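*Asks:* mind folding the following:
(2 chains)
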Amino acid sequence: MAGSNEVNANESKMVVPLNTWVLISNFKLAYNMLRRPDGTFDRHLAEFLDRKVPANATPVNGVVSFDVLIDRPNNLLARIYRPAPSTASNAPLLTDLYRAPSADPFPVIIFFHGGSFAHSSSNSAIYDSLCRRFVSLCGAVVVSVNYRRSPEHKYPCAYDDGWAALKWASGEPWLRSGKDAKLRVFLAGDSSGGNIAHHVALRAAESGVEVAGNVLLNAMFGGNCRTESEKRLDGKYFVTIQDRDWYWKAYLPEGADRDHPACNPFGPNGVKLEGLPFTKSLVIVAGLDLVQDWQLAYADGLKKAGHYVKLVYREQATIGFYLLPNTNHFYQVMEEIKNFVSSNLL
Amino acid sequence: MSRSDLGTDPYDSVEDDRWIASASASRGEIDSLLQGAGYRVCSTDLRHVAIGLEQLESAMVGDQCVASSAEAIHYNPSDLTAWVDSMLSELAPDPHLPRHPHITATANTWADPTQQRPSLHGLENHHQHRSVPAVSLQSMDEEEDAAIRLVHLLVSCADYVQRGDSEMAGSLLGQTRLALARVNTGFGIGKVAGYFVDALCRRLYPPPLSAAGGGGSAANPEILHHHFYEACPYVKFAHFTANQAILEAFQGHDRVHVVDFNLMHGLQWPALIQALALRPGGPPLLRLTGVGPPSPDGRDALREVGLRLAELARSVQVRFAFRGVAATRLEHVRPWMFQVAPGEAVAVNTVLQLHRLLGDRASPEGGDAAAAEPIDTVLAWIVGLKPKIVTVVEQEADHNKPSFLDRFTEALFYYSTMFDSLEGGRAGGSHRGGHHHHHHQQQQQTVAEAYLQREMCNIVCCEGAARVERHEPLARWRDRLGRAGLRAVHLGSNAFKQASMLLTLFSGEGYCVEEADGCLTLGWHGRPLISASAWRADDDAALPCDHQTLLVLQDHSSSVTSGSNNVVDGDDHHLRQHSVVRNNDTGSGSSCSRV
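*Replies:* Next comes the predicted model:
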């Protein structure tokens, strides 16, 4: 880790509330224990430490959740979050859960949780909270995909699972809305989830599947060279270049480097997006995230390829700012997401 | 760092992106935001935890610390304060080692404690919780509609049954059978719906009283159980986890006594006997008291099991004594029947038994009946035995709700997930051994389904004393056991890891082990189905545990040495002295105490 511990602790302490600092530092510490220098991962301990919550078909603040099996051979699960069905008193029946929340157009947000491709699950408490918030915020049905993780499952497993989820959603009649009975789907994700959202959107564009919009929250991108932000912020705000390298090595194919298109979509090996019906993107970047230069380059790349991108840059935000509702960053970014979704709900 | 005064909305400011301090949190309250993330930390402890995290981080540079942390056993990660403290004490056991002084000095640079802005979703009332199964509806509209319609019909039918409208119920039953024909009965709801239709039918038109219990099968319950044990990992998980806790609790004791509330074939005990045989310092004197129903045909089933276990114990040189206690109902058992000797360490083991002692719940919200139920009596004398450990395994479901419709719906979803796991969880073993092996597995699965069907039938068809499958979720058991004077003994990451590894070895993917507040659950496709927890009476001091002994269990699978024909030759003396003893005399005898 670059820099002295004293300096690092001081800097990150000053920009986040205490409970956020505790939460993210706790993750950082735990994750350090899980990553082994030889590239293997202590999955058992990871699952033991991860705080999970069950799905709950009883409404809590107007939101219910239930798990579905999207792909039986891969045991691919997703957790569906939706507004509580209006018919139910306290115990919606299975039939109610599979009914459209409204006849008017509503967004379906396919959400890919973060964790640098290795950590967390769709039933992780932090992501359960976030998905519930999206439901209330956007009147959406959220599909949180429990994609296969690295290092046990490398590229392209996560993308394949994302694609399977999109295909599944396309086949569900109750997810369609509006007079044209259309699936109004958004792809969203934080960290590795943002990366997955991009690649699933790309595949959708190549396959002629319509996506209403992409929401990328602190998306995970990288490349071989060390950018200025990586060098400047290494180790200062919970994240190090070293851990980023570890996660890429765990996800990317054996022998690949970080200019692999999965990691660096606008790098030397990237796919050209010009002329593809790629969706609109909301790209949120935290100013204290060391990979911001890659995220900004991503936004730039989209723009140069002729695609709509709205960039939201939060100068003093760190990674994970969206996990606890206790800062301006949180509320203002949520507002941006809400506006982006509603204005693209065509 | 600027501060706003109370009364100004800190989120008005556009220029200042940083969070601004405001009103201080109440002392002693749990930080609600961290609670939403799954952690229970008092607001007043936040600083302490933060300092601890910093210290741990500085300490954990270099491979040495990483390696030692890999061997550490973690407990109850939700209690972040305790977790951090325990890791600190492991890394720096010498209290005289200076903590980093400069870190302490800078501790105050944090902003003031968090503003308690209520998060969008508040505390979940854990009593109000429902899971529906991870329904696999293939993306064919018709298929999906049919499955949903089937569920709807079933539940409507149950509703009419509850209301006593047997005419409507009967008519709906007919429709349901028709709907069944259109669903895939290979897995999920389709698979289990047939059994529920039959159960509803039975409830509507009860057969003459001659039939034994629900389900109509005359099969020996122990055989059904044995097949269920083999076909899926739930009972193995229960045994394995309980044995870990018992082993730990028996550390340092020379004379130990296990009380098993439901002996059956004694499948749980060979592994414990073997582990005790191998423990550093040598095995203790092990007494096992097994409770079970009286044998119908004049056999002495309990004693037979005891003899087999004695044989095994002999072969690994563990001094062993067995006693059987035959009882038709658990509440008829009395503590004096166990003849606990002074100085013995006692373990009480209850796998899928305690729920049988529950009665009807008084109110819909689950307030308990005013009168003492059998459960309270039994828990009281369990505590009175001063056990070193009480291992509790229960189904993770609420099948004891006051409303029949609620019970029915819960059971429908619970068993649908269960059946799905039987079908889908067949291990890598399904590729080995070819056709014969596959056929054997299929048979096993069928019998295992029959085992579950009995449970389902009991829940749907029976009432009053006859309804014994009164499953309640872990949350309710925690309350109950707590009120009885028991405190949780947390199951740690070692038990979790062993359980996970067991699953990988013996079962297919799709199963999930989870840690929840010091207890472990095993589920299928994200739905917990069974929970395992350990408890002790309030006054006992926890003994330090030895990691090595626990790892030993890994090498010994819980395979059963079923009743062998080996004659007990040689040292008969051992067997006669320690064989089954009649409870009211001191000589050896061949029968068990009957109640």
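*Asks:* now the helices: where do they sit in chain A?
*Replies:* Secondary structure of chain A (DSSP state H): helices at A:5-15, A:18-34, A:43-49, A:94-97, A:125-138, A:157-170, A:192-207, A:228-233, A:241-251, A:292-304, A:328-343.
*Asks:* typed the wrong thing, it's the stretch 201-350 of chain B
*Replies:* B:221-231, B:234-249, B:269-277, B:301-315 (DSSP state H, counting those that start in this stretch).
*Asks:* and the shortest one with helix B:301-315, angle?
*Replies:* Interaxial angle of helix B:269-277 relative to helix B:301-315 (axes from the mean of the first three to the mean of the last three C-alpha atoms, to 10 degrees): 30 degrees.
*Asks:* picking that back up, determine which of the helices of the stretch 201-350 of chain B approaches residue B:466 most closely.
*Replies:* Nearest to residue B:466 among the helices of the stretch 201-350 of chain B is helix B:221-231 (15.1 Å), distances taken as C-beta to C-beta. Glycine gets a C-beta too; all of them are placed from N, C-alpha and C.
*Asks:* could you give the angle of that closest one to helix B:234-249?
*Replies:* 90 degrees.
*Asks:* what sits up against helix B:221-231?
*Replies:* B:217, B:234-236, B:264-265, B:267, B:301, B:422, B:441, B:444-445, B:447-448, B:450-452, B:454 (C-beta atoms under 8 Å, 6 or more residues apart in numbering or on different chains).
*Asks:* 7 Å - rerun?
*Replies:* Contacts of helix B:221-231 with the rest of the structure, by C-beta atoms under 7 Å, 6 or more residues apart in numbering or on different chains, involve B:235-236, B:264-265, B:267, B:422, B:444-445, B:447-448, B:450-451, B:454.
*Asks:* kindly report the same for stretch A:194-205.
*Replies:* A:112, A:147, A:158-159, A:162-163, A:166, A:187-189, A:211, A:214, A:216-221, A:262, A:265, A:271, A:276-279.
*Asks:* the residue of chain B found nearest chain A in helix, strand or coil?
*Replies:* Here chain B gets closest to chain A at one residue, residue B:38, 2.5 Å apart by C-beta to the nearest C-beta. When classified by DSSP: H, G, I helix; E, B strand; the rest coil, residue B:38 comes out as coil.
*Asks:* that one contacts residue A:127, correct?
*Replies:* No. Contact criterion C-beta atoms under 7 Å: residue B:38 and residue A:127 do not qualify, at 10.6 Å.
*Asks:* between these two, who's got more neighbours?
*Replies:* residue A:127 (25 against 21; other C-beta atoms under 10 Å in any protein chain shown).
*Asks:* OK, contacts around the more buried one?
*Replies:* Residue A:127 neighbours (C-beta under 7 Å, 6+ apart): A:113, A:120, A:144.
*Asks:* would you mind measuring from it to residue B:382?
*Replies:* 40 Å (C-beta to C-beta, to the nearest Å).
*Asks:* also residue B:444?
*Replies:* Residue B:444 is 34 Å from residue B:382, by C-beta to C-beta.
*Asks:* higher neighbour count, those two?
*Replies:* Between residue B:444 and residue B:382, residue B:382 has the larger neighbour count (other C-beta under 10 Å), namely 24 against 19.
*Asks:* where's that one, which helix or strand?
*Replies:* Following DSSP states H and E, one finds residue B:382 within helix B:374-384.
*Asks:* list the buried ones in that helix?
*Replies:* B:375, B:376, B:378, B:379, B:382, B:383 (16 or more other C-beta atoms under 10 Å in any protein chain shown).
*Asks:* swap in stretch A:276-293?
*Replies:* In stretch A:276-293, the ones that count as buried by 16+ other C-beta under 10 Å are A:276, A:278-293.
*Asks:* tell me the helix or strand right after the biggest helix by length in chain B.
*Replies:* Using DSSP H, we find that the single longest helix of chain B is helix B:434-461. Downstream of helix B:434-461, the first helix or strand assigned by DSSP H and E is helix B:474-483.
*Asks:* does that next one come close to chain A?
*Replies:* No. Using C-beta under 7 Å from any C-beta of the partner chain, helix B:474-483 never reaches chain A; the gap is at least 10.8 Å.
*Asks:* next, the angle helix B:374-384 makes with that helix.
*Replies:* Going by the same axes, to 10 degrees, helix B:474-483 makes 50 degrees with helix B:374-384.
*Asks:* need the next SSE after helix B:474-483, C-terminal direction.
*Replies:* strand B:486-489.
*Asks:* format the helices of chain A as TSV; extra columns: distance to residue B:523 and mean pLDDT.
*Replies:* Shown next, in TSV, are the helices of chain A (distance: least, C-beta to C-beta, whole Å; pLDDT from 0 to 100):
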stretch	distance to residue B:523	mean pLDDT
helix A:5-15	37	69
helix A:18-34	22	96
helix A:43-49	12	96
helix A:94-97	18	82
helix A:125-138	16	98
helix A:157-170	20	98
helix A:192-207	24	98
helix A:228-233	40	98
helix A:241-251	27	98
helix A:292-304	37	98
helix A:328-343	32	97
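*Asks:* can you list those helices in a markdown table and add distance to residue B:469?
*Replies:* Putting these into a markdown table (distance: least, C-beta to C-beta, whole Å) gives the following:
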| stretch | distance to residue B:469 |
| --- | --- |
| helix A:5-15 | 53 |
| helix A:18-34 | 39 |
| helix A:43-49 | 30 |
| helix A:94-97 | 22 |
| helix A:125-138 | 31 |
| helix A:157-170 | 35 |
| helix A:192-207 | 42 |
| helix A:228-233 | 58 |
| helix A:241-251 | 45 |
| helix A:292-304 | 55 |
| helix A:328-343 | 46 |
